[in-house]
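Asks: Only the shape, not the letters, is given here:
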């Protein structure tokens, strides 16, 4: 009788533990999905985070003018002047340029 009670107790604990682990995994997936949905809604409402930059670049007159604008933008963003942009360079450089509306880049914006 004692052995049967111990076995049943172990089975009950195992079932409860399994349910708990599955519940935590479902909750995590639901939170991630909710964050993704919120991000998509923000993107639909506000467009791309880089819309202010693209708006400025789209006002070119000639291909040379566009090239000059892109070069000036790159030089302004390449804070450490090493010839390439890191995520930090891009975030800090765009913040210093004071676009209206403000360009907000998150870590998720850099995920491919």
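Replies: Arrived safely. Source: prediction; values computed, not measured.
Asks: how about the strands in this protein?
Replies: With strands called from DSSP state E, the chain shows none.
Asks: Give me the below-cutoff pLDDT ranges for it.
Replies: 42-47, 111-112 (pLDDT under 70).
Asks: Number of residues surrounding the nearest residue to residue 99 once chain neighbours are set aside?
Replies: In this structure, residue 99 finds its nearest non-sequential neighbour in residue 52, 3.8 Å apart by CB to CB, 6 or more residues apart in numbering. C-beta coordinates here come from the backbone N, C-alpha and C atoms, glycine included. Residue 52 has 18 neighbours, counted by other CB atoms under 10 Å.
Asks: so where's the longest helix in the protein?
Replies: helix 2-46 (DSSP state H).
Asks: so what does that one touch, helix or strand wise?
Replies: Taking 3 or more CB pairs under 8 Å, 6 or more residues apart in numbering; DSSP states H and E as contact, there are no helices or strands that helix 2-46 lies on.
Asks: follow-up on the earlier one: is it true that the residue nearest to residue 99 touches residue 97?
Replies: No: Residue 52 lies out of contact with residue 97 (CB atoms under 8 Å); the separation is 9.0 Å.
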